[in-house]
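Enquirer: Below: sequence and its predicted model.
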Amino acid sequence: MSQDLTNAIRALAMDAVQAANSGHPGMPMGMAEIALALWGRHLRHNPANPQWPDRDRFVLSNGHGSMLLYALLHLTGYDLSMDELRRFRQLHSKTPGHPEYGLAPGVETTTGPLGQGLANSVGMAIAERILAAEFNRPGFDIVDHRTYVSVGDGCLMEGISHEACSLAGALALGKLIALYDDNKISIDGEVKDWFRDDTPKRFEAYGWHVISNIDGHDVESVDRAIGVAKAVADKPSLICCKTVIGKGAPKRAGTAKAHGEALGVEEVAATRAAIGWSHPPFEIPRQIYDGWDAKKRGAALESGWNEKFAGYTRAHPQLAAEFKRRMAGELPPGWSAHCAGLLAAVSAKAETVATRKASQNAIEGLAPILPELLGGSADLTGSNLTQWSGSKAVGRTGGGNYIYYGVREFGMSAVMNGLALHGGIIPYGGTFLTFSDYSRNALRMAALMKLRSIFVFTHDSIGLGEDGPTHQSIEHAAALRLIPNLDVWRPCDTVESALAWFAAVERIDGPTALLFTRQNVPFQKRDAHTVSAIRRGGYVLADAQEPKAVILATGSEVQLALGAKQKLAEEGVSVRVVSMPCTSIFDRQPPMYRDVVLIPTLPKVAVEAGVSDYWRKYVGLEGAVVGIDRYGESAPGAKLFEYFGFTVDNVVKAVKSVLK
């Protein structure tokens, strides 16, 4: 019977890819037995409730083999119809070329960029560890699940696999189990000429428990290996499964052509004959559905957990309510009032500090009522100021609320996405803005998945000074703003910094990047109406009667705009100053609001210590931008601002240049 069950996966994979004439049939055909061992005998899940909090997580990091996951979801009883498998890779189907979070039920994360699913799984395993330490009580292990991840050669070649797996070993994530599809084939052919790593030794060096030389086509061997891995509590496990890509295809098995091409009509027919599969395309006999069906077992598993949680609720009602709130992603009671109080205190204090310090103050104010806030930094804690007085390091056992990620910016960002995907946690992590380049694809994935990840980037301009052009951000703010669905805040003072944090935490439909200065910036006075307008992304900070021009600015350059306004006023020229801490939020405002703020008929000047082109969308070709379109220099920040023309006099000059 097991051969029929695995052949069902092979048939669905080759039929769907053939129907689309596009896709990757080889991996699902080669991993069918591994899938049966895991999904048929170990994975704790309930197809009727893909959001059951204590389900095991399964991540298909080698996401090009998406038909493996779609076949498993369909066969085990998830709400993913055969029609959707027929529509593989077609417009608006639930079965796109790579698994996408939020489309098919049971897809835990969007995978495709290789290695990121593996890093996401590390985040999920960390989340399980932290929530278990926080909520479990004697007799009530309400958080007790594993994270399984399927990886291929491509995942392990990507550098992010080193970052994430090294961290997983350091943190001793015993409930993380990776299944390595060791088929030795990639699109370019046999990997022996470019991937000669001793993978078992590599992972042993990370501190993983490694099970080598498993026959990936022997269900019993894989089953036993998973059982052994589950018994190891103090190390993550890697199970190395030797497989043949495209298993069952007479001419394509073991070849690169099985990796990323449809088999072809003749080879599909030959494969059917070779594996003894006589059923038409997309037809699965009832007995095979019955063999795969996980609904009854899943319902029993969840029912048992529900009974346990009911007892937990009686014994620990406050903890139970808090767990439900956290997993639902809801903010704590009194959130708005608490934020209002913090904002009033920030306004009353009127500090002149670096916005990175203002950020730390905001974290200090929010974290005590927001236990789901899990911080961290990529080896720059003392520079990013991402810790607060209650920070407790996440270690090899127990919980914590702060992760020392080490010098792993990309890994950190993808791990954060896994933390957000797991639920119950709002992750934030810091590095210098210039190193957002390392993280960029994980930021893009967070935006694509609409995750509640908060990326803290400090040292946001040439103002960081002596570290020089390698560390000075020039194009980075503009580049981040080009990522769809990523809100990028660059606040000018303590008030805007606090509100940026409030907005980031409250946002449930996408990630946020917070850009902060190293150098001090002055506090700006505002009335209550002006403070409330900050949440609209751009607002009138300082106005004038019958202004002749509008100056837009962000971050540390807002003070230059205000200085220019004062100097121009002394010369009889009135201007309006608009602070625009978040362009994407401003762009989402109604057209009438945007026009009221920017006054379309007036000439405009934008001021930001970054590349100038981005601001043309607001100032037009006829406007002016005081920016920087070359790399910086190594010198004190104040000297650099003067050298590169970020002065009040230069902003005045720019305004005069656009006046007619």
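Expert: Noted; the coordinates are in hand.
Enquirer: Quick check: Asp437 touching Glu475?
Expert: No - with contact defined as CB atoms under 8 Å, Asp437 does not reach Glu475; the gap is 9.2 Å. C-beta here means a position set from N, CA and C on the backbone, and glycine is covered the same way.
Enquirer: Going by neighbour count, list what's buried in stretch 198-210.
Expert: By neighbour count with 16 or more other CB atoms under 10 Å, stretch 198-210 contains the buried residues Thr199, Pro200, Arg202, Phe203, Glu204, Tyr206, Gly207, Trp208, His209, Val210.
Enquirer: The residues you listed: which two are farthest apart?
Expert: Thr199 and Gly207 (14.7 Å; CB to CB).
Enquirer: low-scoring pLDDT stretches of the stretch 151-300 of the chain, where are they?
Expert: Applying pLDDT under 70 to the stretch 151-300 of the chain picks out no residues at all.
Enquirer: which residues of it fall in helices?
Expert: For the stretch 151-300 of the chain, helices defined by DSSP state H, counting those that start in this stretch occupy the ranges 153-157, 159-170, 199-206, 219-230, 257-260, 265-275, 286-292, 295-315.
Enquirer: One more: the stretch 301-450 of the chain?
Expert: With DSSP H, counting those that start in this stretch as the criterion, the stretch 301-450 of the chain has helices spanning 317-328, 335-349, 355-366, 381-384, 409-422, 436-449.
Enquirer: Tell me which of those lies nearest to Ile288.
Expert: helix 409-422 (31.1 Å).
Enquirer: from the chain's centre, how far out does the closest one sit?
Expert: 5 Å (CA atoms, centre = their mean, to the nearest Å).
Enquirer: just the CA coordinates of that helix, formatted as PDB?
Expert: What follows is helix 409-422, C-alpha atoms only, in PDB (Å, rounded to 0.1, in the frame of the first residue of the first chain):
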ATOM      1  CA  GLU A 409      22.000  40.200   9.100                       C
ATOM      2  CA  PHE A 410      20.300  38.100   6.400                       C
ATOM      3  CA  GLY A 411      19.800  35.200   8.700                       C
ATOM      4  CA  MET A 412      18.400  37.500  11.400                       C
ATOM      5  CA  SER A 413      15.800  39.000   9.100                       C
ATOM      6  CA  ALA A 414      14.600  35.600   7.800                       C
ATOM      7  CA  VAL A 415      14.500  34.200  11.300                       C
ATOM      8  CA  MET A 416      12.400  37.200  12.300                       C
ATOM      9  CA  ASN A 417      10.000  36.300   9.500                       C
ATOM     10  CA  GLY A 418       9.700  32.800  10.900                       C
ATOM     11  CA  LEU A 419       9.000  34.200  14.400                       C
ATOM     12  CA  ALA A 420       6.200  36.300  13.000                       C
ATOM     13  CA  LEU A 421       4.800  33.400  10.900                       C
ATOM     14  CA  HIS A 422       4.700  31.200  14.000                       C
END
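Enquirer: Can you check what angle separates it from helix 317-328?
Expert: Following axes from the mean of the first three to the mean of the last three CA atoms, to 10 degrees, one obtains 120 degrees for the angle between helix 409-422 and helix 317-328.
Enquirer: Just want the angle from helix 409-422 to helix 436-449.
Expert: 20 degrees.
Enquirer: Helix 409-422 to helix 159-170, inter-axis angle?
Expert: Using the same axes, to 10 degrees: helix 409-422 against helix 159-170 is 70 degrees.
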